[in-house]
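pasting a predicted model and its sequence here:
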Amino acid sequence: MPMANMKLIGVIVAVAIFVGSFTLFTVDEREKAIMFRLGQIVATDFEPGIHFKMPIVNSVRKFDARVLTMDSSPEEFLTSEKKNVRVDSFVKWRIVNPADYYKSMGGDERRAASRISQIIKDNFRNEFGKRTIQEAVSGERSQIMDNLLVTAGKQVQEFGIEIVDVRIKRIDLPRDVSSSVFQRMEAERARVAKDFRSRGAEEAERIRADADRQREILIAEAYRDAEKIRGSGDALAAKIYADAYTNDKEFYGFYRSLNAYKETFNSKNDIMVMKPDAEFFQYFNASKGKD
């Protein structure tokens with residue numbers, strides 16, 4: 001191939017590359033792009049990849065479509081008690097409508113962050129102004145963040161921006177306030193603990209009273225059953241005695257006398273003064289017993 005032809009091909013390729021650089025542009029998956037025609041927005045819905053434009057007539061501007069973090073400096077807000085609290089927070093946001101974002105913010109990320117920061121501060125001021133220090137610090141922090149996410153999210157929609165998250169990192173109290181707040185919180189915890197203890201004591205007393213009642217019932221039932229058994233035994237013994245007396249009166253009398261002697265003279269020190277011919281000694285005086 002002649003040298004002149006090779007030079008011509010090289011020039012054509014260079015021109016093609018030069019022209020292509022003005023007619024082609026790429027959109028990354030982390031970006032959003034706007035195409036202008038003589039300064040007017042003509043397209044915003046570009047998918048990631050290579051796209052075409054008209055040189056000179058069209059221009060393209062790209063914006064970061066990732067979630068961006070705005071870490072604000074700590075700010076002081078007044079509570080309903082007119083006490084200052086120092087709030088450290090951050091906001092996560094992203095561009096969802098590049099056309100609205102460009103029209104409202106001129107595509108300036110710093111300007112957008114400044115506007116979002118002001119909106120967040122205003123909402124924080126409203127939320128803390130409705131609450132006491134104790135409510136803001138200990139009880140309703142999550143509710144404050146949820147409220148801000150909703151209200152601030154609605155306010156930035158017109159800017160083509162979405163608030164992804166609002167987080168309070170910490171809430172600091174002035175030194176003259178923190179001690180009294182902690183004392184109130186400690187008193188509240190002590191009150192709750194006392195209430196739990198009193199409920200426990202009441203429940204323990206109820207259980208103890210119920211146990212005593214059941215104990216008395218068991219003892220009474222046991223005594224009742226014992227008396228019934230004892231009564232049955234006495235009745236059976238009486239019946240046996242009666243049957244024995246009926247069968248052999250003399251033997252029954254002799255047996256009764258022996259038991260009486262045994263119970264009477266169960267100790268060497270026992271003394272009984274009676275007439276020898278008393279009926280008690282009938283089986284001592286006569287071998288045949290009582291006549």
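Structure received. Remember, it's a predicted structure, so these values are computed and weren't measured experimentally.

and the longest helix seen in the chain, what does it pack against?
Longest helix in the chain, counting residues (DSSP state H): helix 175-247. Contacts defined by 3 or more Cβ pairs under 8 Å, 6 or more residues apart in numbering; DSSP states H and E place helix 175-247 against helix 133-134, helix 249-264. No exception for glycine: its C-beta is placed from N, CA and C like everyone else's.

what lies in contact with the helix or strand that the shortest one is followed by?
What it means is helix 133-134. Using DSSP states H and E, the helix or strand that follows helix 133-134 in sequence is helix 141-156. If you take Cβ atoms under 8 Å, 6 or more residues apart in numbering as the criterion, helix 141-156 is touched by 91, 93, 115-116, 119-120, 123-124, 127-128, 131, 136, 162-163, 165-168, 171.

try 10 Å
Helix 141-156 has contacts (Cβ atoms under 10 Å, 6 or more residues apart in numbering) with 87, 89, 91, 93, 96, 101, 104, 112, 115-116, 119-120, 122-124, 126-128, 130-131, 135-136, 140, 161-168, 171.

now the buried members of the residues you listed.
87, 89, 91, 93, 101, 104, 112, 115-116, 119-120, 123-124, 127-128, 131, 135-136, 140, 161, 163, 166, 168, 171 (16 or more other Cβ atoms under 10 Å).

and the gap between the residue nearest in space to the middle of the chain and residue 32?
For the chain, residue 139 is the residue whose C-alpha lies nearest the centre (Cα atoms, centre = their mean; 13.1 Å). As defined by Cβ to Cβ, to the nearest Å, residue 139 lies at a distance of 40 Å from residue 32.

repeat that for residue 71.
Going from residue 71 to residue 32 by Cβ to Cβ gives 23 Å.

ok, the two, which is more surrounded?
More crowded of residue 71 and residue 32, by other Cβ atoms under 10 Å: residue 32, with 24 against 11.

what sits opposite the more buried one in the beta ladder?
With DSSP bridges as the criterion, residue 32 is bridged to residue 63.

please parse the protein into its domains.
Per automatic domain parsing, the structural domains of the chain span 3-64, 68-180.

out of those, which is the most enclosed?
Burial of those is given as mean neighbour count (mean count of other Cβ atoms under 10 Å); domain 68-180 ranks first at a mean of 16.

what about it, distance to the chain center?
Taking Cα atoms, centre = their mean, to the nearest Å, one finds domain 68-180 lying 26 Å from the centre of the chain it belongs to.

direction included, what does whatever helix or strand residue 163 lives in pair against?
Using DSSP H and E, residue 163 sits in strand 161-172. Here strand 161-172 is paired, per DSSP bridges, with strand 84-95 (antiparallel).

beyond the strand it pairs with, next helix or strand please.
Sequence-wise, the next helix or strand downstream of strand 84-95 (DSSP H and E) is helix 98-105.

identify the residues contacting that following helix?
By Cβ under 10 Å, 6+ apart, helix 98-105 touches 31-34, 36, 41, 43-46, 61-63, 65, 94-95, 97, 107-109, 111-116, 156-161.

if we use 6 Å, what do you get?
32, 34, 41, 44, 63, 95, 111, 112, 159, 160 (Cβ atoms under 6 Å, 6 or more residues apart in numbering).

ok, stretch 55-73 next?
22-23, 25, 30-37, 89-95, 98, 113, 117, 164.

ok, back up a step: what's the least confident stretch among the helices and strands packed on helix 175-247?
Lowest mean pLDDT within the helices and strands packed on helix 175-247: helix 249-264, at a mean of 69.

burial count for residue 222?
Neighbour number of residue 222 under other Cβ under 10 Å is 10.

quick check, pLDDT for it.
Taking residue 222 on its own, its pLDDT is 92.

gap between it and residue 228?
Counting by Cβ to Cβ, the gap from residue 222 to residue 228 is 11 Å.

same check on residue 211?
26 Å.

next one: residue 136
73 Å.

same question for residue 122.
Applying Cβ to Cβ to residue 122 and residue 228 gives a distance of 87 Å.

cool, residue 155 as well?
87 Å.

just residue 57 next, same as before
Residue 57 is 116 Å from residue 228, where distance means Cβ to Cβ.

what's the answer for residue 134, then?
As judged by Cβ to Cβ, residue 134 and residue 228 stand 67 Å apart.
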